[in-house]
Structures are given as structure tokens and as C-alpha cells.
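*Asks:* using only what follows, build the 3D model:
(chains A, B, C and D)
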Amino acid sequence: MKTRLQVDCLVVGGGISGMESAITLGDMGFDVLLVEKEASIGGKMILLSKVFPTLDCSSCISTPKMASTYNHPKVTSFTYSEVRSIKRGPNGAFEAKVIKRPTFVDPERCTGCGQCEKVCTVARPDQFNDGLIARRAIYIPFPQAVPKKAVVEKKGVSPCTRSCPAGISVHGMVALVRNGRFDRAYSRHLEDAPFVGSLGHLCPAYCEMKCTQGKKSKIPVGIKGIERALGYWHLKNGGDKTPSKSGEKRFGIVGVGPLALSLAYFLAQKGVRPLIFTQGKRLGGSLLDAVEKGLLPKEILEDDINTILAQGVEQKDSPENTPFDALLEQNGLEGLFIEDPVRAKESERERIFSSPLKLDEPHLLPHIIGVARKISGPIEKFLEKGEYSLPEDAFKGLEGEISIQEPQGHNEELLPEEAQGLASRCLDCAVCSQCHECMKACPANAIDFSMEPEEVSVTTKTIIIATGFSLFDPSKKPLLGYDRLPNVITAMQMDRLLAPTRPYNAVLRPSDGKVPGNIAIVLCAGSRDRTAGNTWCSRICCMYSIKQAQLIMGALPIANVTIYYIDIRAFGKGYEEFFQQAKAMGTNFVKGKVARIEPTANDDLYIYYEDMERKGGLRRQKHDLVVLAVGAMASPQLRKAFMGDDAPDVDEMAFFSQSKGLSEPGVTNIEGVFVAGSATGPRDIPDCVVHANACAAQVASYLKKTEKG
Amino acid sequence: MARILVFSTNNISDPGIDLCGSNHMDYPLGVSVISVPCSSGIDPRWILYALEHGFDGVFVAADGTDCSYLQDCTTRTGKVIREAQELAKGAGLDPRRIKMAAICSVCSEAFQNHMKKFDQALEELRGEGNED
Amino acid sequence: MIKVNDSVVRELRSRGRFDASKCFSCGTCTALCPVGLPILPREIFRYALLGAQEELIKRQDEIFSCLLCRMCEENCPEGVGISGNIRLIRGLLNEKVLGL
Amino acid sequence: MASQKIGVFVCRCGGNISDYVDVEKVVESIKGVEGVKIARVNMFSCSDSAQEEMIGLIKREGLDGIVIASCSPKLHLNTFRQMAQRAGLNPYQYTQVNIREQCSWTHTHDRDGATQKATRLVRAGIEATRHSEPLHPIEVVTRPSVLVVGAGIGGLRAAIALGEMGLTVHLLEKADRPGGLVGTRKALFPTGADGTSEIDSLLQRIHTLQNISLYTNASLVKKEGSIGDFSVSIRVEPKDGQDRADTIQLNVGAILVTTGATPYVPKEGEYGYGAKGIVTLREFLDLLDSSRDSDGIYYEGKRVRRITYIYCVGSRQKEGHTYCSRFCCSSAIFASLEVHKRSPDVLQYHLYRDIRTYGSLEALYQRALDQGSLFIRFSPDSPPKVECGHNGGGIKVLVKDLLTSKRELEISSDLVVLVTGLVPRVEQQEVQDVLKLPVGIDGFFNEIHPKLRPVETVVAGVYIGGCAQGPKNAQESVESSLGAAAKAGSILLKGKVELEPFVAEVDEGLCDGCGQCVEACPYDAITMGQRSDGTPVAVVNTRLCKGEGACVPVCPKEALEIRGYGHEKIRSMIRGLLTE
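*Replies:* Next comes the predicted model:
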């Protein structure tokens, strides 16, 4: 789907700077489009606990601003969207392509109730809690999100699901089993294909060959075992016998094998009333051979066949050589499928269907099911519209694949708990597992997996880059132990622990949930440091650390907090006073950069620094939690959207340059492209808000000047 | 169950109270909320009116230091509460039936605790009243 | 009392590239020294920069126990050429004090 | 007037409400309530189809007020206000009752209780709608012109932006020429940009813009009116050949205050100040600027070979100037780089507390270190001592080095630079008196809120930029002045501002003119006026009123209320909540 939009200014990034400049320009009467990549606007600021130096609640300041951005009559906000390309148009304006990523949730219907999150089977690290806890694959970003709508994180289709010839949502089944929801897993399998238990024994498990876990660790998730366990589970527990749809149209099937049965099953699902002509044979066909060979337990096959019949499939025993016409006439059938392609040739009638699968050749069950599904489509179409068509290429490519030899039999029974264990190794490589639990739970029927990316062509006179900054990845300083040591956390994680909407409802350390009593805050973790690739000062860390020290001391009155620093950079209005206040509250300030962190036996931490202002020399100090005040890094990805060499310049740290000197803040080297807030370099919130407004002034001047011509 | 009237504010405390709901955190059933722009604009006479007409307690969920209108919001709201308590005393009502606390937009837990405690305190007050 | 002067620095610079003034006193070098020398290398350099030759002489044992392993140098946030600087100071001490 | 035919819609929210609240029962129990014409249950009130249905009902039944009991108003207040508008209703005659976040989801364990509570909440909502009047946003027509007070770099740049936006600008400068502090500097950190030529080029741009008038030797003496329509008087000092000052009357829609700050001047004897060889940062920069082509540094004719900088002079003090002046570390370090450029053999010692070269300015610090400047950290408890040379000897600075031996260092110096910060200007007082702007403990003008509204003041339509708000470097001054220009533009460019209709309203029949509200209003929005019979009565300036309601509780007569939150409305909502 494509739409067009024409605006005065395209603001990229919905953090505090983007929101602020959008509101100001909107108030001036300009049309603004704001594009945010996350599912909610608010940026980093909404995730913070309290903010320096006034210690006001970040959420209380952000939420009204988010609401006024989103509801502004002159500002259109696209969330979960990306600017793909920006090109200069013929008349000087820019042509931008914005992709609205599919959220798979209809925003008009979603009421933000969160029922979907409760049933979702996939857990992901919650990016809005800096990975401290998990969220679900379907999620509302955070309680104050604007818009407060769920989105599904879905990265294509998992290789297991994609590789299944029977078209089973393998990942969904695995995820449901992992969550112990065997009944749902069984019926999810049935949504796609019958023969759950038989497949668990006979399937060659292409899914396991493609499994990402298998590629990573050499041992794939035991999907076939999981499927087999489901078969046994159903054998014991039953369930799911309700016919799917009741229809009027009758369709006959001559044959007793898996193709006939599967087709009957699929047609029943589509609301057709299938009638199987057994012609003196037992239901099961080639699968009965598998039973005889000991590859498939008899009771499992019976259970599978019963499940198919329970969908409303009828059977009738007519003489073997009854002409097809007679079958059609006598039974009031609209059409007929002949399992045996050789017999099907007897008649060329337009109501007779067949498949290329020869009965005397070995075929694998999942392929047979896949063929049955493929046939069911044209049959349904025929029944609905009377159009007979079996396109020549309907089965193209199948023959080759089908020639795989007989699979190994697996007979041993697997218990549900064992299957759960197998399933827990799944990596959720496509994130959403397609288990469809959310669809069933959503009271508003808002989930829609057919959603496609939407491309919006935007014509805009100006662009504001407000893409902010990213945080330094502390694993790039191995001596600080961030990856190795559970109780070394980042400042963003500490802010989440301190926020009232915090993940654990308390300030505690990750390794054992203990309330920390002696906390170290390590400044310049990834700033002012050549070895970190960032020689600049990150400007915000001193102050947010001083803030955290004060908040920690408020939350944990008996805790000791020590800040290790090179210089304390409390330079803004009220900042020095805030620093002195932290000192007066009892925060220890130690001059010395922490060079190395090592664990003790109980996950406490030794930090090493030079004690230059006290006794001198190397000093080792024990703490039970260490917070790394990670620096602010550039986030210049938007440059890629500018095609060719027309991209805005960046400085030596890759922040967007304000190329036109000290009197022209926010102006880049490209006419009509402006930059606001921390996309120009690290900035605190007040400086971002001021800069965003300065940028809005530049944009307004530019627009008014070009208006005049 | 005590009947508690909460005065909240549109931008600061009401979202905090909403968050209780979003998190399915329960508080006593007798709590009902009326939202106004700023806690400094709550009239003590409304508070008295509520007590005289059947509410057991009135709780003002104040903006505190997060108020976007006034830097001295807490002082002003405090004054409203004191005046309401005076009015209550004058009408022969227990001033402890009026309470205030700063509730910010994410203070769901704090609100829940305040409501539970206030509900209990009001029940106790009612008990005391019966003994008289 | 130390009377600050640039005599030592001038001397060292005449011998090679002495870049210790780049140090902004973070202490990483001391904290990473595997030998655990109590005053290396940041403080040594500062004595050199202040012109306090006698302080260097007092600490010559430490200056000569440095393994030149470059653990400090590799992790120095300011990229100070620590081992080269130590060598220069050793050269100075060799000549001035030990008369080598 | 009040709504008589009210429609009530109770939302199931697809089970989010109806699973815990018997919504049918709620509808049944309010059906007989006075004024309720219809009451319905919706599956999803926010869905298109439900909205269309409600619009149809409003029109067909001639409803004049509606209540929707659904989720939090934070989610759908706007949705339903717009729906009301589409149905031809005034959007403020709609009340949203929150029976999801504040009822069904908090009382999931007690269906009967939750149902009763929802009913009470809906009754209160009905009362609210019954007592609501149609409201309209207050439209304030704004004059497309701005007064900018102070023509330093910030004021000049803001004036250009405003001029380019098409607004008329009156730019005032107290001194006899514009440019402020930057206009006196040849080299500004971090790039070495020439301040004087920067100012010149800004002035050239100002001259090309027809709609900017520049007044030098001019000051603001009077201000009346309010946001969008101020009337101001400025006084222009007599020029040569004139004997009387001019007073000019202007009408403007907004006022920008960019009056700047001034360098701290040390007290006589503070670090030896007053003696030969001891200069402030400003004096040192002047010295550098005045000898730009010289190959060395000369002080009073003598070549300077050793310079000691003492940082935080007049900043970060225990008392008085407790704040950090933000620009001085970078400025002093940048000066030392210039010294090195001219004369690499000059020894430079920096006695500091913390080096605050934040952000990319860190590169300056690293360059200075690289070039051999020595940085010595001292504690504020034992500040450096400056001993001036007697009988021709040099200056000695004694400092206890915190980072090396803790021993005292003696640094012989030809020149000592006291790195002085910025302090508020004395002249700021005049502006403060005229505009009634509050200042913070540091003496600089205070913004309303450092994050929400960093360039706005409590006086609507008056904005602050540059160092008047607090110390800044040149670029930061430009940024904040441009920010202030943007905010002024946002109220002036459309020629009108729409303010929320929730403002204070006086019932003249009740007001006894006691004046307590005038005192209580934090925004000076209430004044004492007169009725036709001459008796005093409170008058609300709706342009200034922010609607927080601080005046409401102080009125002894209940003559004041905030529209939409009236006394009777609140009382009847209270009654509604208590009706079982």
C-alpha cells in the first residue's frame, strides 16, 4: 500500500528533541511529519527515573509532551516507522520514502488492554528496560507509551516453519509446548495440518536441519520429538474434536491414504462436507504399512484418523468400481477427488480432481499433506465459483523433493515435560512464533498477520534530524567485566532499577537479587578514552551519576555510594549545587578512573584504581554492585537514507555536524537539512530542548525565506 | 469499606492512579476519583462538602514538585488541606479524615499503599467513633 | 616544597619523544600495573614534569623495576607512550646519577 | 446552558470492562436519572462503527451532552471530543468516565462491587455533563512584532531569525553599540572564530532586513499589556547634539530578554588581584586580542615566559557565586593554546579543581595537555596562594598539589591569570523591575521549568535567552536565544494563539472585591477593576490565566471558579458518587 504526504518539515526521531521541534513548528502553523522507529514516541527520556538537577519525575514531564505531540493538529506522528531514502526533488524539496513497519495489530482496534502480552509464548529482552527483564514478542512498549498500542515483533518466518512441506507453523508449536500449553500446541498444529502423532514418527524433520539452534550449537531443537510427544499427549488427553466449520457443499474423495485423509481434513476446515469412499479398504493406506513395519504405533495413527474424522469428515463404503458419475449423482456431490492418479485418468470430467502423487511410489507424509493442501485451494475455488482449474504448475517442484527415502522410525514415547525441555532450547529466531495465541486472546480482534509494510512518499521542504545518540557498549572495554560479571550494570539499567515503573520493584543486584549495600559508580566508561574509540567527554554522565547517587541513597538509606571520576563536570545551571548536595548527602567522590573489575567468590566485585588523593598507589575496593556510567555515542544511521554524496556531514565522532559556524546552530551543510538535540553530540535534556527550539527557529526562517522566493 | 474521595490532577497524579489499573493492582473499592488541573486549585469547601455528604475520607493526590504550573504547588496544596481540616473541625468532623500526598505519574505503588492505609485508618476512626 | 621548573622535561625532550604531559591523571596505569609498583608511572611522570629530579632519584628502584610490559600503555585513555617515556627517564638517571 | 438531553454510553471494551463490571446493569441503573435521554452499551466505543452510531444517535435524538464510560481519558478524550464535534456538539459537553483503569482493572475480584462503583462513577459523569457549558478556546490575537532587549550575539541572532520569519523586530541595546561580550573578542573557542567579524556579519544581515529596528543607548522603561499585545516604552539616551532623551512607545506581541551577563571582577587582593602581573581571564583575552600579530606574549613590555592560571575564581564558591560558570575552563584552555601557538616555549601551569571541557570541548583540553601545559589540581580547602614579587622579583604561586605528593609546589610566574566566571549584570535589575521576572538564587533570570519550558518565564509572552538565564558560551547563547525566538514565533506567526478554555471566571454578583485572589494568582492574571457603580470587582485576564485554580480556594465568596471545574459541578459530581 502506498500513500503520499506533503509537509513543511520531516522530523526524524521522536525523542525529546524531535517532539519539541515538532510541537514548536506545529504551533507556528507548519505541517510536520514526525517519524519514530520505536512503537512509542518519547525517546530515552521517558525511560529515565528522575532527572537532574531538579529531580523531577521524567515521566511527569515527558507524558504531557508526548500527548501534545501526538495530538497536535499540525503534527502527524508515524511510530514503528523508518525513513528509507531521502532524495532532492526537482523543485528543491525533498522526496522521502517512509516505511511504516507492520505492527500486525490494527491500531484502530487495539485498546491497549495488554491481554495479548499475557498469552504470548515468546520472551524477548525488553529494550525499554535495557534488557533487565523480558517482554513478549507482542508488546506495548511501556505503561506511558504514546500511542498505547500493541505491536508484534516479527522477523520474517522462522526457518523451521519455512522449511515444513506440510506448512506447519513449527515455531508456534514449539513455543506453545515450551510454555506447557500442550492443548494449544496440538490445536495450533491442527490449524495447519492433521496427522500430528504420525508426523512425530514419520517426518524427516527438515525443520531440524534448518534450525538456527542447530547451526549455532550443532544440536537442533528436537522438533520431531516435540511433535511426537504431542501425539502421545493427545492420545491420553484427547480434546479438540469439535468440527471446524459446518458447510452445505459436499465433495467426494476416493481413497483411504494420507493424501485422501489430509484433503478431506483441509476441505472440512474450509467448510466443505467431505465424503470419503473407502471402497472396501481400511482408512490409513500407506500409513498402515508404516505401522506394520513398526515405524508408527497403531494407536497413534488411529488417534490421528479419528481427529480427522471428528472434523466432520464422513466415510462411505461403495463398491470399488462404481463409475465416478454415479458417485457424484448418487451422493449429491459437487465434485470428486481421486487419490490414485492412474484411476483418475479414467475420466476427464471437469468435476474430477487428482494429484501427481503415484500411489506405488514412496512419498513422505509431510509432502503428502502439503500436496493435499495445495489441491484443497483449487477445489475450494471450484466449489465457490464453479471454476475448474488445476494449474499445470500447481505441483511443480514437488516431485524432486518427494524422492527422499524412507525416514528413520522413532517409536519411543516422549513425555510432555521432556518435550518442554526440548522446546526450551528454541531461540525464537523469527521472534513472533506464529502461535496465534494473541489472536485468540484479543478482545478487539485487532491482530492481523496479513499486514504489510506501508510505503509513504513524503514531499517535504525541510528535514530535521533528531535521531539522538546511542549508549556506549561496555563490552568493548573487557577489563570492566560487563559481559562476564552479572553485578556490573550500565547506568541505563540503574536508571530503570530506580524508576517507579522499575522491573523488579526494588533496587537489587542481578546475580542474586540481594539489595546492594555498597555501590560503585564508574565514570568515563567509554568516554574520554582512546581505547574505547571515544576521546570526547559524554557530557551527561557526571550529572546522571550524581542523580543516581542521590536516588540510590533515597531508596536505600543505608547504602554507600562511591563515584569514581576524573573530573566532575557539573557545568549547567544548578548543576554544581546539585553536585554539592550529593556530597552533603554522603556520596563518596573518589578521584581516579576505575581500570579493572574482578569478581569475588560471591559475585561481589573488586575494583582497581589509583588512589591519588588519599594514601596513593594502587587500591582495591570491594563493592557489591558496579554501575558503569556509559558514554554517549553517535547514531548516524540516517545518513544511509541520503542517497549518494548528498548526505549531511558528520564530525570525527560521527555526530551530525553543524557546519555553518557558531551563529547557525542546527544547520547542516545541506540546504534544508537541519539537526536538533543530541544528534549533534551528547547533550542533557535542557540543552536538547533549547537546541530543538533553536533548530525550529532555523527551519521557520528557512521556510519563510523560501516562501518569499 | 470506607468511602474515599480522591482529588487527582489531570497531568500528574491521575496517570499514576491509572497505572495501578494498567498493572491490575487493586485498591479498596470505596475509592473514587475526581480529576482537576492542579491540586492547588482544590477548594477546601469541596472537601468539607464531600465529608458532610457521606464520604468517610478525602485524599488529595497532589502534584508535588512535578507540578508544571507552580513551583510552590506543595505549599499551596498544603494550605488547602490545613484549611479543609480547620473547616472539618469546625463542623465537628475528625480532621484526620483529610489527607494529602504527592503522587506522580508513575507512582502506582505509592498510591495503592496510600489507599490501603487510608482505608484502614478510616475504618479505625469509625471504630473510635462507635466507642464514643 | 618543590620548585616547579622545566629542566627535566627539557632534558628528556632533547633525548627523544617524551609525551607524558598528555596524561590527565586518571590513574589507569597505576591500577593496571602487574608488578603493583606503588608509584608508577603517572606519579613518576609528574615529578619529571614538575622538574623534581631529586624525587626521581629517590624512586629509581621503582623506575628500574618496571617490566616495560606495556599493560598500562595499551590501556591508557590518553595514549601516552608510557614505556618510551620510562626508557627516557632511565637514560637520564643512568647518566646523571649512575654516571653511566 | 446545561445539558438536558444526555446520552450515556458504557463501553464493554471487549471484556476488559465487561468481564469485571456488569455493564448492562450499569446502563439499567442510570436509565431513570434525570436528563438521561438514552443509555447504551457499546462493544468498543472507540471503533469507527460505534462512533458513527453514536454520532447518528446524537443527531437523531437531539442530544446536547454525552457521557462515555470507558478507558482512561488519557487514551481517548481527544477521540471522543472530536467525535462530539463531528456530531455538532460542543466538545466540552462530553465527559469521559474512566471505568477501566480506575474501576474494572483495579477491582477484578468483586464484580458486584465494581459494578456499583462503575454506576457511581457514571452518575458523577452524568452530573459533570449536566453542569458543563459549551466552552471555546480563548483566541488571542497577537501582534506580529517582538521586542528584543539586549543586542549581544544572542539578541542579534534572535532578531535576525524573527525578522526572517517575517515579524517586526525592535532590538534594544543599552550600550552605544551592539555586540556585547562576543563583539569584543577576536578569537572565540573552540574554533577561533573572530567575534568582532561574527558580530559585523550579523549586523549586516540585520541591515538588510527591513523589519528590524536597532536602538542603541536604549533601555526598556515600561511594560503594559499581556501576551500577544504588550505596549512598551523605551528610553533612548540623548545622542550628540541632543539634549533630551527620547521615549518611544511600541506595541509588540512578545518580548525576548537577551541581556547577557558580565565577567566576574575579583575583589582587591583576591589571589593578589590588583597587583602587577595578576589579571583576570577577560583582561588576559584582551591582551591576546590586542597583540594578535605579535610572535610572543608581552605584558607591560616584558616578554612572558611562565603563565599560571588559577581556575574557578568567582565560581563554585562556598558562598556567593556558588555556581559553575560553564565557559571558563574551555576559554582559559583555548587561550593557553593561543599562547602556545605564538610562543611554544612559554610554560603554562593550570591550577584547577575540575576541568570542565564537556562534550567535544574535551579536544581542547587534550590539545593543551599534548602541548605541554601542566595541570595541577588543588582543593578548595587549600586554595593557591599568590605572592607578589617585592622589589622587582617575579610572582610566586604556592599550591598544594593534590595529585602528586600533596606537597606544596612553588611556581614562579610572569603572569597569573585568574580564570573568572560570569555574574549577572547590574543593569539586569531594570529589566527585572519592568518585566517582573523572577531570578534564581544565582541571580540570573529564571525559566519556568528547565526542561519543559527552558526559555519561557512566568510572564506569558516574555522569553529569556543567552547568559541572562545563566552562564553560556557564545554558541550556547545563540542557541538559547534562537530557542526563545522560536517560542515567540510559535505564538506570533499564526497571528493568534488558542489558549485552553479552562480559565478563571468571576461571578460579579458574588465578588465583594476583597482582593485575596489578586494576591493568590501566581501569574498576575487577576486585577481589581470596577463595576459600573464604582464598587471593586476582580477581573481576570484570560490571556494570563493558566487555569491551575490557585485563586479558587482563597475566594471567601466562591465568586471565582475555573471554567469546566465549577463549584456546582464538583459538588454535584460528589453527590453523584454518593448516590447508590
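
*Asks:* whichever residue of the stretch 501-650 of chain A sits closest to chain C: how many residues sit nearby?
*Replies:* In the stretch 501-650 of chain A, the residue that lies nearest chain C is A:Glu610 (2.8 Å; Cβ to the nearest Cβ). Backbone N, C-alpha and C define where each C-beta goes, glycine included. By other Cβ atoms under 10 Å in any protein chain shown, the residues close to A:Glu610 number 29.

*Asks:* who are the contact partners of it?
*Replies:* A:592, A:595, A:616-619, C:26-31, C:42 (Cβ atoms under 8 Å, 6 or more residues apart in numbering or on different chains).

*Asks:* in chain B, what secondary structure element scores lowest on mean pLDDT?
*Replies:* Among the helices and strands of chain B, helix B:108-131 carries the lowest confidence by mean pLDDT, DSSP states H and E, at a mean of 88.

*Asks:* where does chain C dip in pLDDT?
*Replies:* Judged by pLDDT under 70, chain C has its weakly predicted residues at C:38-39, C:100.

*Asks:* what about 90?
*Replies:* C:1, C:33-41, C:43, C:59-62, C:65-68, C:95-100 (pLDDT under 90).

*Asks:* which other helices and strands contact the longest helix seen in it?
*Replies:* Counting by DSSP state H, the longest helix found in chain C is helix C:82-96. Judged by 3 or more Cβ pairs under 8 Å, 6 or more residues apart in numbering or on different chains; DSSP states H and E, helix C:82-96 is in contact with helix C:7-15, helix C:42-50, helix C:53-58, helix C:60-65, helix C:71-75.

*Asks:* quick one: which of these is nearest chain D?
*Replies:* Among the helices and strands packed on helix C:82-96, helix C:42-50 comes nearest to chain D, with 4.6 Å by Cβ to the nearest Cβ.

*Asks:* who are the packing partners of the closest one?
*Replies:* Counting by 3+ Cβ pairs under 8 Å, 6+ apart, helix C:42-50 packs on helix C:7-15, helix C:28-32, helix C:53-58, helix C:82-96.

*Asks:* so for the residue in chain B that chain C sits nearest to, what's the nearest residue that isn't a sequence neighbour?
*Replies:* At 36.4 Å from chain C, B:Thr65 is the closest residue in chain B, using Cβ to the nearest Cβ. The shortest distance from B:Thr65 to any non-neighbouring residue, by Cβ to Cβ, 6 or more residues apart in numbering or on different chains, is to A:Asp56 (6.1 Å).

*Asks:* picking up where we left off before, okay, and the beta partners of the residue of the stretch 501-650 of chain A closest to chain C?
*Replies:* A:Leu618 (DSSP bridges).

*Asks:* next one: A:Arg596
*Replies:* A:Tyr608.

*Asks:* tell me the contacts of it?
*Replies:* Listed by Cβ under 8 Å, 6+ apart, the contact set of A:Arg596 reads A:479-480, A:607-608, C:31-32.

*Asks:* if we go to 10 Å?
*Replies:* Counting by Cβ atoms under 10 Å, 6 or more residues apart in numbering or on different chains, A:Arg596 touches A:477-481, A:606-609, A:620, C:28, C:31-32, C:71, C:75.

*Asks:* what sits against the residue nearest to B:Thr65?
*Replies:* Applying Cβ under 10 Å, 6+ apart, we find A:Asp56 in contact with A:50, B:64-68, B:104, D:449-452.

*Asks:* for whichever residue of the stretch 151-300 of chain D sits closest to chain A, give its distance to D:Ile297.
*Replies:* As assessed by Cβ to the nearest Cβ, chain A sits closest to D:Glu164 within the stretch 151-300 of chain D, at 3.8 Å. Distance of D:Glu164 to D:Ile297, computed by Cβ to Cβ, to the nearest Å: 42 Å.

*Asks:* alright, that wraps it up for me.
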